[in-house]
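Student: Build me a model:
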Amino acid sequence: MMPDQSPVKLDLTQQADILQLLPRPPLLTSDEVGWSHVLVQHHRQPVWEMPENSVAQHVIALHWMKNDVMVERMMDETRRQELVSYESSVIVPANTHHRSAWGQEVEFTLLIFEPTYLAQIAHETVNGDRVELVPQFTKLDPVIASVGSALKTELETEGHWGRLYAESATTFLAAHLLRHYCTRTQFLKDYPDGLPKYKLRQAIAYIHEHLSEEISLEALAAYLNMSQYYFSHLFKQSLGISPYQYVLRQRVDKAKQLLKRRKLTLTDVALECGFANQTHFTKHFRKLTGITPRAYREQ
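Tutor: Modelled structure (predicted):
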C-alpha cells in the first residue's frame, strides 16, 4: 500500500518537473519539434513508486507493454489495483491528486494538454467555459491509442509528417476528449455545408502563398478567425480531405512542376515545396504518386 503524503505540485511544461515524478528523463519529447498545444513524452521507466502529485495540465498515459502490468493507482479519493495492458490509457485531469506504483519496467507515452486548450476547442459550445475532464482509470480507447501512436511515431521520425499533421491529430483528440470524458457532454456543433465559400477561398489562397513554409493549423485557423477544431472539420467537409492532406497534395503537385526544371536539385525542389528535407520529400512523393521524384523526373 502506498503511504499517504502531501502532493507535489508540478508544471510538466517545465522540463525539470518530470524528474520529480519519474527516475529517468523521457526518451523522446516534443519540446524538440515545437508542436503547439500538446507536449508529448515517450518513457521507459523501471520499477517505481510515484509520489503523490498534482499536475497543472491534463495528462493521458498511453501504455506499450506487451505483457499486462499490475499497477496500484490513486486518483483523488479512489484507489485501485489494475492490470494495465498494451494500448490502454489512463486520463488524469489537471489538479487531480494522483499517484501510482508498479513492479516491473514499463513503457508509456504521455500526452500533456493545457486546460485552456480544451476550453479553446470547446469555446463555441453552450458550456464551453465549463470544461472539466473526468478521471479515467485504465481502459482501452482506440481513438486515444491511434492518435497517441501517430504522435509517438512522429517523434521517432523527427517530425516526418510535419507540424500541421501533429496539430490536426491533437485537435481531433481534444474533440474526442470533450465528447466522451467531460462532466458535461460537449455538443460540438455541426455545419453540414462546410466552410463558407469565401473562407474556403481565403484558406486555399493562404496555403498556396505559404506552401514553401511550415504551415500550422493554428495560423490557418487564426487567419480565418475560427477555432482550430471547426476550421479543420469544416475544411474537410468542403473538400473531402483534411487541411493536412490538401497541403501535402499541393506540395507534391508543385514538386511535379519543379522537377521538370533540370537545373534544380532534388533538395532544391524539396525545400521550395515546403518539405523538411530530401528524405521526407521522397517518402511523401512516393506515397502519393507511387514513384520517387528522381524516377518521375526521368520519365
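Student: what bits of the stretch 1-150 of the chain have low per-residue confidence?
Tutor: Scanning the stretch 1-150 of the chain for pLDDT under 70 picks out 1-5, 123-130.
Student: Tell me where it has strands.
Tutor: Listed in chain order, the strands of the stretch 1-150 of the chain (DSSP state E, counting those that start in this stretch) span 8-10, 28-29, 38-45, 48-49, 53-55, 58-63, 69-75, 78-84, 88-92, 97-102, 106-113, 136-140.
Student: Sheet-wise, list the partners of the fourth one with their directions.
Tutor: Strands flanking strand 48-49 in the sheet, each with its direction: strand 97-102 (antiparallel) (DSSP bridges).
Student: Throw the strands of the stretch 1-150 of the chain into TSV and include distance to L177 and mean neighbour count, thanks.
Tutor: In short, each C-beta sits where N, CA and C put it, glycine included. Output for the strands of the stretch 1-150 of the chain, formatted as TSV (distance: least, CB to CB, whole Å; neighbours: other CB atoms under 10 Å):
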stretch	distance to L177	mean neighbour count
strand 8-10	21	15
strand 28-29	21	17
strand 38-45	11	20
strand 48-49	27	14
strand 53-55	16	20
strand 58-63	8	23
strand 69-75	16	19
strand 78-84	20	13
strand 88-92	8	23
strand 97-102	17	20
strand 106-113	8	22
strand 136-140	10	15
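Student: For F235, find the nearest of the ones you listed.
Tutor: Each of the strands of the stretch 1-150 of the chain has some distance to F235 by CB to CB; the shortest is strand 38-45, at 20.2 Å.
Student: how many degrees apart are the closest one and strand 97-102 in direction?
Tutor: Here the directions of strand 38-45 and strand 97-102 differ by 30 degrees (axes from the mean of the first three to the mean of the last three CA atoms, to 10 degrees).
Student: Relative to E158, which of the strands of the stretch 1-150 of the chain is closest?
Tutor: Taking CB to CB as the criterion, strand 28-29 is the member of the strands of the stretch 1-150 of the chain that comes nearest to E158, at 9.5 Å.
Student: which helices and strands sit right next to the closest one?
Tutor: strand 38-45, helix 142-156 (3 or more CB pairs under 8 Å, 6 or more residues apart in numbering; DSSP states H and E).
Student: Give me every residue in contact with it, excluding its own residues.
Tutor: For strand 28-29, contacts defined as CB atoms under 8 Å, 6 or more residues apart in numbering pick out Q15, L39, V40, Q41, H42, K152, L155, E156.
Student: quick check: domain ranges of this protein?
Tutor: The chain breaks down by automatic domain parsing into domains covering 8-180, 193-240, 252-299.
Student: what's the closest non-adjacent residue to N53?
Tutor: Once flanking residues are discounted, N53 sits nearest to V8: 4.6 Å by CB to CB, 6 or more residues apart in numbering.
Student: With D11 instead?
Tutor: Closest to D11 by CB to CB, 6+ apart is A56, at 4.7 Å.
Student: No further queries at this time; thank you.
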